[in-house]
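1. model this:
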Amino acid sequence: MPAAADSPRVHIPPPFFYVAAIGGGAVLQRVAPLPIGGGPWRLVAALVLIAAFGALLTASFTSFWTRRTTVLPNRPATALVIAGPYRFTRNPMYVAMALLTAGAGLWLNSWWVLVLLAPAIVTIDRVVIAREEAYLRRRFGADYDAYVRRVRRWL
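-> Next up is the predicted model:
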């Protein structure tokens with residue numbers, strides 16, 4: 001297979017798993033409510049998590065844009081991104097989406113969203129990230145291996 005056609009082959013967009021947790025949690029909340037409670041502090045915490053999502057996702061996209069490579073996991077990477085938030089976590093976009101999902105759960109006052117966040121994270125970790133890491137190891141070899149030794153997968 002030509003190198004240009006190589007990619008992580010992640011065909012389901014990763015945000016889908018987080019959106020499914022939020023949507024599924026909202027539906028379950030209507031059917032069998034599990035409120036979190038906490039009054040105004042819950043809403044403040046939700047806004048903090050959503051703001052952290054925005055900041056982390058923006059910084060992640062900027063790092064990709066600066067290196068002129070794609071954020072789409074079904075396209076070939078042209079550069080290994082290790083700057084910006086990638087200095088601290090190999091998966092800041094997935095951490096950001098988890099923050100958004102947790103913030104949505106708090107905003108919706110639903111434990112269901114938080115419960116469904118767990119299988120979303122496991123799926124991202126075991127299916128999406130596993131494919132991406134295998135691809136990046138093939139594509140960037142020793143440079144990627146050195147990066148993996150320095151930086152954790154999630155946090």
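
2. Tell me how many other residues crowd Leu80.
-> Leu80 has 17 neighbours, counted by other Cβ atoms under 10 Å. No exception for glycine: its C-beta is placed from N, CA and C like everyone else's.

3. next one: Arg67
-> Neighbours around Arg67, by other Cβ under 10 Å: 17.

4. Apart from its neighbours in sequence, what residue is nearest it?
-> Leaving aside its chain neighbours, Arg67 sits nearest to Ala79 (4.0 Å; criterion: Cβ to Cβ, 6 or more residues apart in numbering).

5. Distance of the one you found relative to Leu56?
-> Per Cβ to Cβ, to the nearest Å, Ala79 is found 20 Å from Leu56.

6. What residues does Thr123 make contact with?
-> Thr123 makes contacts with Phe17, as judged by Cβ atoms under 8 Å, 6 or more residues apart in numbering.

7. how about the nearest residue to Phe17, chain neighbours excluded?
-> Nearest non-adjacent residue to Phe17 (Cβ to Cβ, 6+ apart): Ala120, at 4.3 Å.

8. Isn't the one you found up against Ile22?
-> No. Counting by Cβ atoms under 8 Å, Ala120 does not reach Ile22; the two are 9.2 Å apart.

9. ok so, going back, more neighbours: which of Ala79 and Leu56?
-> Using other Cβ under 10 Å as the criterion, Ala79 and Leu56 rank with Leu56 on top: 22 against 14.

10. and the more buried one, what is it in contact with?
-> 85, 92-93, 95-96, 99.

11. I'd like to know which of those is nearest to Ile36.
-> Leu99 (16.1 Å; Cβ to Cβ).

12. Thank you, goodbye.
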